[in-house]
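1. Got a predicted structure here, sequence first:
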Amino acid sequence: MQLRPTIRHLMVLKTVVEERSVTKSASRLNSSQPSLSRTIKELEEIVDRQLFDRTTRSIIPTSAGRELYARSVQILNDLDAAVAAVRDAADGRSGELKIGYMDFAIVGQLPGILRRFSEHHPRVRVDAQWHMSQDQVDLLTKGRIDVGFVSGSPNVADLEKREISRERLIAVVPEGHPLTDKPSIQLADLARENFVIGEESWYHYTELLTEICVQHGFVPRVSQTSRTRDGILGFVLAGAGITVYPECILNVPRKGLQFVPINDTGRPVIISVLWNKNSHNPVLSSFLKDLFATPEATGPDIA
């Protein structure tokens, strides 16, 4: 089997070329002069070429020595980069993080959370995917996503959770609606309105909203449903009815719509972050540490 240069061979070559002296190189490498001389001889035997012209005062690289020096510098730099990359991956500073989210998260705090995390961990690739809250639980337990932003505060075996916000309700009405004359309303003020709500993928929220309306004396009269937030808002603009949305909707104003706070429901909409406590992805630990260091995750809304 053909012998190949070792890392030590390349390091000795690099140092001797830069120092032009075996004595100085031995001091720099904390080695002995005879040891370095033997290493250089071994390297010349391996490549079967003379790498240095030696005089009584200096040791000068030949054309072969200069070529191998340039390659050695590149190899050693690549090796240093590889070691740094391995350490970054093990310590959660590089790699991939798969995130699940639902509508309230992407309209609310998630963009800011992702921006800050990317600033702090630029070598981490973030793959964010929209999923219904209930589907995120299944994906987390199967290890197909690393962290999920869901509506509610579910208790699931092997999943850790933390609430990141509780949001009040906002009535979304078209411009010119009589309710826009009020700074805030009671939920019962909507009893005679037609409601535009989400379709089956929104059932966690629509069930919560229906329950709250019933507690305030009425069942919401649904005139139209839509699968997406844009569709819901579009139908409100079209005059099909009003909708009620968590206050994160204030982050995405839309021409022709107005928002009226509802002051007698408290903050019923919970947004939680979930993760699998058995995850082996070190990036997850970095993400959670960064997340819980932010004001949003430590502020007064946390339960």
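-> That came through, no problem. Numbering: from 1, shown residues only.
2. Write down the beta-bridge partners of the most centrally placed residue in the chain, one by one.
-> Central residue of the chain (Cα atoms, centre = their mean): residue 126, 4.7 Å from the mean position. Bridge pairing for residue 126 (DSSP bridges) gives the partners residue 97.
3. these two touch, right, it and residue 97?
-> Yes - Residue 126 is within contact range of residue 97, at 5.3 Å (criterion: Cβ atoms under 8 Å). Glycine gets a C-beta too; all of them are placed from N, C-alpha and C.
4. Could you tell me which ranges of the stretch 151-300 of the chain sit under the pLDDT cut-off?
-> 294-300 (pLDDT under 70).
5. And the strands in it?
-> In the stretch 151-300 of the chain, the strands defined using DSSP state E, counting those that start in this stretch lie at 159-167, 169-174, 194-198, 221-226, 243-246, 257-261, 269-276.
6. The residue lying closest to residue 26 once chain neighbours are set aside: neighbouring residues, count only.
-> Counting by Cβ to Cβ, 6 or more residues apart in numbering, residue 33 is the residue found nearest to residue 26 once chain neighbours are left out, at 4.6 Å. Look at residue 33: counted by other Cβ atoms under 10 Å, it has 14 neighbours.
7. which residues does residue 33 contact?
-> Residue 33 is in contact with 22-23, 26, counting by Cβ atoms under 8 Å, 6 or more residues apart in numbering.
8. Out of the strands of the stretch 151-300 of the chain, which one sits most buried?
-> Sort those by mean neighbour count, taking mean count of other Cβ atoms under 10 Å, and strand 243-246 sits at the top with a mean of 26.
9. how about the residue nearest to the centre of the chain, what does it touch?
-> By Cβ under 8 Å, 6+ apart, the neighbours of residue 126 are 96-97, 99, 114, 117-118.
10. cool, residue 234 as well?
-> residue 226.
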